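Enquirer: with the input below, show me the fold.
(one chain, ligands or ions: 1)
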Amino acid sequence: MTLFHLIAGWIGYLLICLLGLILIAFLCFCLYIKYIHLKYDHIPGPPRDSFIFGHLPTIQREMSNDRVVHDKFLEWSETYGPVYRINGMHVVMLCVTCPETTKEVLMSPKYPKDSLFYKRLFNLFGQRFLGSGLVTAQNHDEWYKQRRIMDPAFSSLHLRGQMGAFNERAERLMDKLADMADTNTAANMQHMFNCVTLDVITKVAFGVELDLLNKSDSPFPNAIEMCLKGIVHSVRDFTFQFYPKNKKFINEVKKSCQLLRSTGRQWINERKMAVQNGEDVPKDILTQILKTAGKEENIANDDEELMLDNFVTFFIAGQETTANQLAFAVMELGRLPEILTKVRQEVDDVLGMKQEINFDDLGKMTYLSQVLKETLRLYPTAPGTSRFIPNDIVINGIPIPAGVTCVFNSYVCGRLDKFFEDPLKFDPERFHPDAAKPYYCYYPFALGPRSCLGQTFAQMEAKVVMAKLLQRFDFSLLPGQSFDVLDTGSLRPKSGVVCNIRHRGQTPAA
Ligand code: HEM
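Expert: Down below sits the predicted model:
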């Protein structure tokens, strides 16, 4: 009995000590938050929802209500100016729309990508995902080595050579649309564009034929979709993985990551064998990915993983963004007949009846470029980037102590009326070659050394697909669908952009 009392006493004593320690740790954390508030509260910002969670409850609320969180950031930008502060526990993020700072920070290698966001993409729920590939690498030298190796696969000389593949994949889409026009079937354009951009990236980047428009059993579209959803949950809510109700979803995301990585392993090995056998291999992205590893005989495990990181990076970065841009463009053209007529006239003047679009034709379709640029102003499908600020700086006259993350949001900049008059109006004339160039307030592909490697690739692909679509078909948006934006990390049209498709000159069905 005495022994029992003694043990119970000790356990009670230990519990009190433990509680005391937790309380002290919590108080220290609160003191640290207070210190951070004192350090950064001179920067304007909306009132915090709570001392500990800062603005996170508002942001969570926006996201759970299926609204576009960037609209909240836009509203705050309009209220608090070119730099404002967001707190989330001990972390401070600055939302910056000041063009001078955008230029200074994005154009310089001095400011690394911030680990808060990009480290979360290394693994997805414990499964390696983008790792240290091109988008996520934070160390400048490690990134620079990869970028130098990958650059040749995106040179304009190399991309000119890919026009055949762009044309051929886009033709398959046209065949599919022709079937739909013949059978009076409505087309979900976002889905169709997703198939074609995935077909293009697998062919042009990895030399693999998927033909998704005709084969609906491929696991890749769903795997990519799951990974993208996983990114959103993992990045925006760090508690997501702790709820048992999310376990099934998380397992599916992990399986999808594994599928992409095991596919990468298989395709890389096949290419390696082809190289070793002296076969003639294309100088495509996959060949360049192989060069990021050491000599073939002694590829270290780290190098192998890095190759897979980049494989997955191109799969993810190179597909949905372009597909959504195309879907938004069709959505706007479907609503604006005057712009549609003008851009179609240009396509007719440049292409006439010819089927194969060549590189020089692309340069001649300047109004189509304007339409695509304007689409990304209102709907930047990858809506921003962020950088860590390791030294004290001044933004718009406000001294900013080191240690914060600056977020550069192209959705917000594109919709601020101080940069673009009547910002919600879709007006391609803003990007007329003679119009003043937007000064560091338009950056759908980011800016500076870490800007999008696939920008030219994406816009060539988008132009080929759009030009063929305009050349061959009339389309009208099915009535009653929403023109809202869906925020799934990347931006996409909520409705999927469902259209009735007709051959040019065909009378609309009754
Ligand atoms: C409309 C289409 C596209 C848009 C709007 C877009 C946008 C962007 C943006 C905003 C970034 C910077 C991301 C960040 O800082 O976190 C980026 C980076 C990147 N994008 Fe794209 N992208 C598009 C298409 C593509 C395509 C087709 C490819 C590949 C074929 C590609 C490959 C990459 C790569 C590799 C990076 C990382 C570059 C680096 O840090 O060196 N993108 N893209």
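Enquirer: how about the residues of the stretch 151-300 of the chain that lie near the ligand?
Expert: Contact residues (C-beta under 6 Å from any ligand atom) of the stretch 151-300 of the chain with the ligand: I201. Yep, even glycine has a C-beta here, placed from its N, CA and C like the rest.
Enquirer: helices of the stretch 151-300 of the chain, start to end?
Expert: 156-160, 163-182, 189-206, 220-236, 247-276, 285-291 (DSSP state H, counting those that start in this stretch).
Enquirer: dump those helices to a markdown table, plus mean pLDDT.
Expert: A markdown table is the format used below for the helices of the stretch 151-300 of the chain (pLDDT from 0 to 100):
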| stretch | mean pLDDT |
| --- | --- |
| helix 156-160 | 88 |
| helix 163-182 | 94 |
| helix 189-206 | 92 |
| helix 220-236 | 87 |
| helix 247-276 | 92 |
| helix 285-291 | 84 |
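Enquirer: give me whichever of these is most buried.
Expert: helix 189-206 (a mean of 25; mean count of other C-beta atoms under 10 Å).
Enquirer: for the ligand, what are the nearby residues on the stretch 351-500 of the chain?
Expert: Checking the stretch 351-500 of the chain against the ligand by C-beta under 6 Å from any ligand atom, the hits are 381-382, 385, 444-446, 450, 452-454, 457-458.
Enquirer: looking at the residues you listed, which are in helices?
Expert: With DSSP state H as the criterion, helices contain 457-458 from among those.
Enquirer: the residues of the stretch 351-500 of the chain next to the ligand in strands, which ones?
Expert: T385 (DSSP state E).
Enquirer: quick one, what contacts C499?
Expert: Neighbouring residues of C499 by C-beta atoms under 8 Å, 6 or more residues apart in numbering: 186-187, 189, 330, 334, 475-478.
Enquirer: those residues, buried ones only, as a PyMOL selection?
Expert: What follows is the PyMOL syntax selecting those of the contacts of C499 that are buried according to 16 or more other C-beta atoms under 10 Å:
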select buried, resi 187+189+330+334+475+477
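Enquirer: from the contacts of C499, which single one is nearest F4?
Expert: M189 (74.0 Å; C-beta to C-beta).
Enquirer: the closest one and L326 touch, don't they?
Expert: Yes - M189 is in contact with L326 according to C-beta atoms under 8 Å; the separation is 7.4 Å.
Enquirer: relative to Q319, which of the contacts of C499 is nearest.
Expert: M189 (15.3 Å).
Enquirer: can you name the residue of this protein nearest to the ligand?
Expert: Residue of the chain nearest the ligand, by C-beta to the nearest ligand atom: G454 (2.1 Å).
Enquirer: for that residue, give me the pLDDT.
Expert: Predicted confidence (pLDDT) for G454: 94.
Enquirer: so who does D237 touch?
Expert: Q60.
Enquirer: ok, now how distant is the spatially closest residue to T321 that is not a sequence neighbour from V412?
Expert: Closest residue to T321 apart from its sequence neighbours, by C-beta to C-beta, 6 or more residues apart in numbering: T381 at 4.4 Å. In this view, T381 and V412 are 15 Å apart by C-beta to C-beta, to the nearest Å.
Enquirer: let me see the contact set for the residue nearest the centre of the chain.
Expert: Ranked by distance to the mean C-alpha position of the chain (C-alpha atoms, centre = their mean), the top residue is A382 at 3.5 Å. Counting by C-beta under 8 Å, 6+ apart, A382 makes contact with 317, 321, 444-445, 452, 490.
Enquirer: could you dump those to JSON lines with neighbour count?
Expert: Below are the contacts of A382 laid out as JSON lines (neighbours: other C-beta atoms under 10 Å):
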{"residue": "A317", "neighbour count": "22"}
{"residue": "T321", "neighbour count": "23"}
{"residue": "P444", "neighbour count": "25"}
{"residue": "F445", "neighbour count": "19"}
{"residue": "C452", "neighbour count": "20"}
{"residue": "S490", "neighbour count": "21"}
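Enquirer: ok, those residues vs R271, which is closest?
Expert: A317 (19.9 Å).
Enquirer: how about the contacts made by the closest residue in space to that closest one that isn't next to it in sequence?
Expert: Leaving aside its sequence neighbours, A317 sits nearest to V135 (C-beta to C-beta, 6+ apart; 5.9 Å). Contact partners of V135, counting by C-beta under 8 Å, 6+ apart, are 118, 121, 313, 317.
Enquirer: ok, and of those residues, which contact the ligand?
Expert: Among these, the ligand is touched by 313, 317 when using C-beta under 6 Å from any ligand atom.
Enquirer: as CSV, the contacts of V135 with pLDDT would be great.
Expert: Shown next, in CSV, are these (pLDDT from 0 to 100):
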residue, pLDDT
Y118, 89
L121, 90
T313, 93
A317, 88
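Enquirer: which one of the contacts of V135 has the most neighbours?
Expert: T313 (24 neighbours; other C-beta atoms under 10 Å).
Enquirer: low-confidence ranges in the stretch 401-510 of the chain?
Expert: 506-510 (pLDDT under 70).
Enquirer: please enumerate the helices of it.
Expert: Under DSSP H, counting those that start in this stretch, the stretch 401-510 of the chain gives helices at 410-414, 455-472.
Enquirer: buried deepest among those helices, which one?
Expert: Sorting the helices of the stretch 401-510 of the chain by mean neighbours (by mean count of other C-beta under 10 Å), the first place falls to helix 410-414, with a mean of 25.
Enquirer: got the contact list for it?
Expert: 68, 70, 73-74, 77, 95, 97, 102, 376-378, 380, 383-384, 419-420, 423, 441-444, 446, 491.
Enquirer: before we move on, what about stretch 362-370?
Expert: For stretch 362-370, using C-beta under 8 Å, 6+ apart, the contacting residues are 342-343, 346-347, 350, 428-433, 459-460, 463-464, 466-467, 470.
Enquirer: ok, how many other residues are close to the nearest residue to Y439 once chain neighbours are set aside?
Expert: What sits nearest to Y439 in space, not counting adjacent residues and going by C-beta to C-beta, 6+ apart, is P99, at 5.1 Å. P99 has 17 neighbours, counted by other C-beta under 10 Å.
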